[in-house]
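[1] Using only what follows, build the 3D model:
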Amino acid sequence: MQIHKPIIRSTCKKSDPHIINQATMSSSSDDEKEIFSVSGPTFLTAVDWNNSHHRRSVAASLVKGVYTLERDRRYHRKGPHALAPPWWEFFHFKLFKLLVDNHDTSYFGAIYEYAPPYPHYHHINYNGQRPPQYVVAFRGTINMPGNRKQDFKLNLHVIINNLKRSTRFQIGLESVCDIIKHVGPSPGSVWLAGHSLGSSIALVLGREMVKQTGAHLETYLFNPPFISPPVGRITNETLKIGLRLVNSVITAGLALAFRVAGGRRSSSNADDQEPDQFTVLSSWVPYLFVNPLDPICSEYAGYFKHREDMESIGAGRIAKIATKHSIGSILTSVTRKKDSSEALHLIPSAHLTINSSRLQSFKEAHGIQQWWRRDLQFEYKSYQYN
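    Below is the predicted model:
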């Protein structure tokens, strides 16, 4: 598969409002969220790539661009009526390649290439982080006729820990590998980004790139699904801690009983042992963005905190085993091939950002727009597995 030439789009200057044909869209708030000049981070007229808030806002905007690309396709918005281009052009990116689902022909992802606004960009000596050369972004579920069936099918793949067998993952993996071959695995040159279902795809791609090539891609995961009951939403702290403790003990016990180690069933022959895949992944530290009011992703905060709590009470060995596995992944390891036995949503290390603002509905708590807003409160913590 060859690297594609950039897709040419009309340029939207920062100072010019985007022209909208009112006949192509309604005046609903959902439609307004697609208009960059109304809902986007227009305050980022100069991106500081060393600023984590700026990088997060850019990554979230590029993911929003994929959502809007698909809606443009569905509503036949083209040329000056297309709403998607400002979501990347504002930050000096161009659309390099569309990722198309071969079942419903929908746009589920996009590859953006950085197009610097000044000459001799590659010769500039940056103090710190450089802009990425490419960003591979994936949208989440669109609950609309024409998208609903295939998107919900992908959600089922996530739930049953089977995403690696989906065509979207395979298309994404092939595209990312092509980009890495083109630019090399230098840190920060390629980003992965996704929201909800799209963050599951980005997460599994990031895992695979570490295992297959050793490349540690900078990865932004917005509202990533955590396949577990949202225990963190229980208000009774004693009950919450107790449930997590019981789950860890059961998970660790099953892993030992079935001799599951690092995502595969272990062998009694030492020569057959493979490296612990969880340890291999530990040096890759993606950025996770979760909201405690979103039951889809909120348990990630509890997952990492519980691991710390277990270590503090002297149960670190149990935590070290349990954190690698889910009960479902252990049971499937008995009946499926080894590539299905890993709990694909579990990761050893992360830079975790929690939106601690409380005045939000579920729709807002799960939305991509929150991650570029400046009026919200965020908590930050990094977790490094060792």
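[2] which residue ranges form the strands in the protein?
    Listed from the start of the chain, the chain has strands (DSSP state E) covering 93-100, 107-114, 134-138, 190-195, 218-222, 260-261, 264-265, 287-290, 350-355, 378-383.
[3] right, so of those strands, which gets closest to residue 68?
    If you check each of the strands of the chain against residue 68 by Cβ to Cβ, strand 107-114 wins as the nearest, at 9.7 Å. (Glycine included, C-beta is placed from N, CA and C.)
[4] Partner strands of the closest one, with direction?
    Looking at strand 107-114 with DSSP bridges, its paired strands and their directions are strand 93-100 (antiparallel), strand 134-138 (antiparallel).
[5] In terms of mean pLDDT, which of the strands of the chain ranks lowest?
    Within the strands of the chain, the stretch with the lowest mean pLDDT is strand 264-265, showing a mean of 52.
[6] report the angle between the axes of the biggest helix by length in the chain and strand 350-355?
    As far as residue count goes, and with DSSP state H defining each element, the longest helix of the chain is helix 52-75. Here helix 52-75 runs at 80 degrees with respect to strand 350-355, directions being taken by axes from the mean of the first three to the mean of the last three Cα atoms, to 10 degrees.
[7] Pipe the strands paired with strand 107-114 into TSV and attach mean neighbour count per row.
    Formatted as TSV, the entries for those read as follows, by neighbours: other Cβ atoms under 10 Å:
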stretch	mean neighbour count
strand 93-100	20
strand 134-138	27
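[8] could the ones you listed go into JSON lines alongside distance to residue 174?
    JSON lines is the format used below for those (distance: least, Cβ to Cβ, whole Å):
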{"stretch": "strand 93-100", "distance to residue 174": "10"}
{"stretch": "strand 134-138", "distance to residue 174": "11"}
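[9] Compare the strands of the chain and give me the one nearest residue 330.
    In terms of Cβ to Cβ, the element of these nearest to residue 330 is strand 260-261, at 5.4 Å.
[10] So what's the residue count around residue 382?
    11 (other Cβ atoms under 10 Å).
[11] One more: residue 304?
    As a burial measure, residue 304 scores 22 neighbours (other Cβ under 10 Å).
[12] Wait, it touches residue 383, no?
    Yes: with contacts counted by Cβ atoms under 8 Å, residue 304 reaches residue 383, the gap being 4.7 Å.
[13] how far does stretch 228-235 stretch from start to finish?
    The distance separating the two terminal residues of stretch 228-235, taken as Cα to Cα, to the nearest Å, comes to 17 Å.
[14] Oops, could you answer that again for stretch 72-81 instead?
    With Cα to Cα as the measure, the ends of stretch 72-81 fall 9 Å from one another.
[15] Buried residues of that stretch, list them for me.
    Taking 16 or more other Cβ atoms under 10 Å as the neighbour-count basis, stretch 72-81 is seen to contain the buried residues 72, 73, 77, 81.
[16] again, but for stretch 221-241
    For stretch 221-241, using 16+ other Cβ under 10 Å, the buried residues are 221-228, 230-232, 234, 240-241.
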